[in-house]
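Novice: Sequence first, predicted coordinates after that:
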Amino acid sequence: MANNHSANIVAKVWNYCNILRDDGVSYGDYLEQLTFLLFLKMADEYTKPPYNRKIDMPAKYNWVNLTNKNGAELELHYIDTLKTLGTQKGMLGQIFFKAQNKIQDPAKLYKLIQLINDESWVGLDIDVKGEIYEGLLQKNAEDTKSGAGQYFTPRVLIRAIVECIRPEPNKTIADPACGTGGFFLLSHDFLSKKNKLNRDEINFLRYKTFQGWEIVHNTARLCVMNLFLHNIGDIDKNPTISQADSLIADPGDRFDYVMTNPPFGKKSSITITNENGTQGKETLTYNRQDFWATTSNKQLNFIQHIRTMLKIDGKAAVVVPDNVLFEGGAGETIRKKLLESCDVHTLLRLPTGIFYAQGVKANVIFFDNKPASKTAWTKELWIYDLRTNQHFTLKTQQMQYEDLTDFVKCYNPENRFKRKETEQFKKFTYEELIARDKTNLDIFWLKDESLGDLDNLPEPDTIALEIVDNIETALNSFKEIVWGLGE
């Protein structure tokens, strides 16, 4: 019933986007305007029975004052509302930070307000509200032109990672590149359903478990709203999401778990303005004394940063592109240091065709932080190959959780020290790894069944998609070389 209700509301609010598309409003802009209006509507609902909460919001800019205006008066008031609320403190200020009206037709703005006003959002079950917003985020991610997909990690992959890490109550979870909050939502779901939490543990889960950073302020606001709709944080509390470049400095705090899918590519999203007022993109060089090596490769910097963020016994799972496994120079130094100072115990080689950003060949590295030691902490690395002979696409053959269950079983979350090798799951000793050229962890052993067997070739559309993926990967690599020349 709840699923049908949430699906109906997703269809209802999303279909209205088709009308706005004619006015040049993108999926991302529409989702952003929905966020502003949903937040104001829910804030208004909280001030009424049975909640009767005091929400610290200027009365002039509440929901009621939006619903009783139309035409040019509504448009001017909405613009003023966005600007003023963006200067407030706490969650309110973060949701409306640098907010702008993207709906130029006051009549359509009025219709959208009435659409939201027709529903009682606070009264909806938490799962229903969460499903609605997650559904909208996924639709936005599917809009490849907007590039929003880079902030949306497939939820089935996150679920498998969380099932392996198995976070425990009253422990902290961080994501230094949190996007729209996927790792937090699935961790929250795991902790809520796998444990019978007492009142203190429920309070800790809601207010103290999660800490995230997101460099793009539009995405950070979507994350804050997504968490809020999933009962993480509260409307009158400071959000635990920081709109900042997490790599700039050591955060100081240490966490029990770090799970993340950092952005791929070197290109900086920070706009630098010089003394003449000319704007341009620049690659940041991070001056971090806690890093093992200086590099402009963001993924290698995130690996170093994550290790810093962990408590002595902290656990990490991080999605990285293939180049992190084999790149020389700083890459070799960082891999060796990581193998020595942490227990790098598992590597999941991911298939292509599962990310909205095309041409991505990625892996998940699992490692546990350890105290200083004279000998290397990594004894053996177990690698699971989910790439060779696997064919997925975003439209016709999406990866399902069932495609990851064998990996979770092989990982053996109950006791990962009692693992068994299979055709897809092999272990490599520390001595074998360190003896490889440049400590290259890009290891594969399965035979590609389509090679040399014409009767076993994949479908033509699968071959075409793999060609596209390979071209995209080559282009991305070339772009990184070009950006590197400009440093």
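Specialist: Structure received.

Novice: Give me the pLDDT for residue 244.
Specialist: Per-residue pLDDT puts residue 244 at 93.

Novice: what helix or strand does residue 127 sit in?
Specialist: Secondary structure from DSSP states H and E places residue 127 in helix 126-141.

Novice: Kindly report the same for residue 409.
Specialist: Counting by DSSP H and E, residue 409 is part of helix 405-411.

Novice: Report the buried residues of the helix or strand following that helix.
Specialist: Using DSSP H and E, the helix or strand that directly follows helix 405-411 along the chain is strand 425-429. Neighbour counts over strand 425-429 (16 or more other Cβ atoms under 10 Å) mark 425-426, 428 as buried. (C-beta placed from N, C-alpha, C; glycine too.)

Novice: For the stretch 201-350 of the chain, which residues score under the pLDDT cut-off?
Specialist: Counting by pLDDT under 70, the stretch 201-350 of the chain contains low-confidence ranges at 265-285.

Novice: elements contacting the helix holding residue 409?
Specialist: With contacts defined as 3 or more Cβ pairs under 8 Å, 6 or more residues apart in numbering; DSSP states H and E, the packing partners of helix 405-411 are helix 155-165, strand 380-385.

Novice: Show me what secondary structure element comes after the helix or strand where residue 41 lies.
Specialist: Element membership for residue 41 (DSSP H and E) is helix 27-46. Downstream of helix 27-46, the next assigned helix or strand under DSSP H and E is helix 63-67.

Novice: Pull that following helix out as PDB, backbone CA atoms only.
Specialist: Taking Å, rounded to 0.1, in the frame of the first residue of the first chain, the C-alpha atoms of helix 63-67 are listed here in PDB:
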ATOM      1  CA  TRP A  63       4.200  28.500   3.900                       C
ATOM      2  CA  VAL A  64       0.800  30.200   4.400                       C
ATOM      3  CA  ASN A  65       2.200  33.500   3.000                       C
ATOM      4  CA  LEU A  66       3.100  31.600  -0.200                       C
ATOM      5  CA  THR A  67      -0.300  29.900  -0.600                       C
END
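
Novice: let's have the chain start at 815 instead
Specialist: Done: numbering now begins at 815, and the last item shifts to helix 877-881.

Novice: How about residues contacting the helix or strand just after that helix?
Specialist: Next helix or strand after helix 877-881 toward the C-terminus (DSSP H and E): helix 885-899. Helix 885-899 has contacts (Cβ atoms under 8 Å, 6 or more residues apart in numbering) with 850, 854, 871-872, 875, 879-880, 883, 906-907, 909-910, 913-915, 920-921, 923-924, 927.

Novice: And helix 885-899, what's buried?
Specialist: In terms of neighbour count (16+ other Cβ under 10 Å), helix 885-899 has its buried residues at 888-889, 891-892, 895-896, 899.

Novice: Which parts of the chain are strands?
Specialist: Along the chain, counting by DSSP state E, strands occupy 987-989, 1024-1027, 1055-1056, 1069-1074, 1085-1087, 1093-1095, 1124-1135, 1156-1163, 1176-1183, 1194-1199, 1239-1243.

Novice: Can you read off the pLDDT for the residue positioned nearest the centre of the chain?
Specialist: Centroid-nearest residue in the chain, with Cα atoms, centre = their mean: residue 993, separated by 3.8 Å. For residue 993, the pLDDT comes out at 90.

Novice: Quick check: phi and psi on it?
Specialist: Phi and psi for residue 993, reported as degrees, to the nearest 10, are phi 50, psi -130.

Novice: Please dump the helices and strands packed on helix 1219-1225 into TSV; it should also carry distance to residue 1153 and mean pLDDT for every row.
Specialist: As requested, these are arranged in TSV below (distance: least, Cβ to Cβ, whole Å; pLDDT from 0 to 100):
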stretch	distance to residue 1153	mean pLDDT
helix 969-979	20	96
strand 1194-1199	8	98
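
Novice: wait, which of the ones you listed is closest to residue 1049?
Specialist: helix 969-979 (25.1 Å; Cβ to Cβ).

Novice: Kindly calculate the angle that that closest one makes with strand 1156-1163.
Specialist: 150 degrees (axes from the mean of the first three to the mean of the last three Cα atoms, to 10 degrees).

Novice: Between strand 1176-1183 and helix 969-979, find me the angle.
Specialist: 20 degrees.

Novice: From the rest of the structure, what touches helix 969-979?
Specialist: 948, 996-997, 1000-1001, 1003-1004, 1071, 1073, 1129, 1131, 1133, 1160, 1164, 1168, 1178, 1180, 1213-1215, 1217-1219, 1221-1222, 1225, 1227.

Novice: For ChimeraX, write a command that selects the buried ones of these.
Specialist: To isolate the buried members of the contacts of helix 969-979 in ChimeraX, using 16+ other Cβ under 10 Å:
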select :948,996,997,1000,1001,1003,1004,1071,1073,1129,1131,1133,1160,1164,1168,1178,1180,1213,1217,1218,1221,1222,1225
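
Novice: Can you give me the distance of residue 1065 to residue 1169?
Specialist: Distance of residue 1065 to residue 1169, given as Cβ to Cβ, to the nearest Å: 27 Å.

Novice: quick one, which of the two is more surrounded?
Specialist: A count of neighbours by other Cβ atoms under 10 Å puts residue 1169 above the other of residue 1065 and residue 1169, at 24 against 17.

Novice: Relative to residue 833, how far out is the more buried one?
Specialist: Note on residue 1169: its distance to residue 833, by Cβ to Cβ, is 30 Å.

Novice: Convert the helix holding residue 855 to PDB, retaining C-alpha atoms only.
Specialist: Output of helix 841-860 as PDB, limited to C-alpha atoms (Å, rounded to 0.1, in the frame of the first residue of the first chain):
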ATOM      1  CA  TYR A 841      15.200  18.100 -13.900                       C
ATOM      2  CA  GLY A 842      17.800  19.400 -11.400                       C
ATOM      3  CA  ASP A 843      16.200  22.900 -11.100                       C
ATOM      4  CA  TYR A 844      12.800  21.300 -10.700                       C
ATOM      5  CA  LEU A 845      14.000  19.000  -7.900                       C
ATOM      6  CA  GLU A 846      15.600  22.000  -6.200                       C
ATOM      7  CA  GLN A 847      12.400  24.100  -6.300                       C
ATOM      8  CA  LEU A 848      10.500  21.100  -4.900                       C
ATOM      9  CA  THR A 849      13.000  20.900  -2.100                       C
ATOM     10  CA  PHE A 850      12.400  24.500  -1.100                       C
ATOM     11  CA  LEU A 851       8.600  24.200  -1.200                       C
ATOM     12  CA  LEU A 852       8.500  20.800   0.500                       C
ATOM     13  CA  PHE A 853      10.700  22.100   3.400                       C
ATOM     14  CA  LEU A 854       8.400  25.100   3.900                       C
ATOM     15  CA  LYS A 855       5.300  23.000   3.800                       C
ATOM     16  CA  MET A 856       6.700  20.500   6.300                       C
ATOM     17  CA  ALA A 857       7.800  23.300   8.600                       C
ATOM     18  CA  ASP A 858       4.300  24.600   8.600                       C
ATOM     19  CA  GLU A 859       2.800  21.200   9.400                       C
ATOM     20  CA  TYR A 860       5.100  20.800  12.400                       C
END
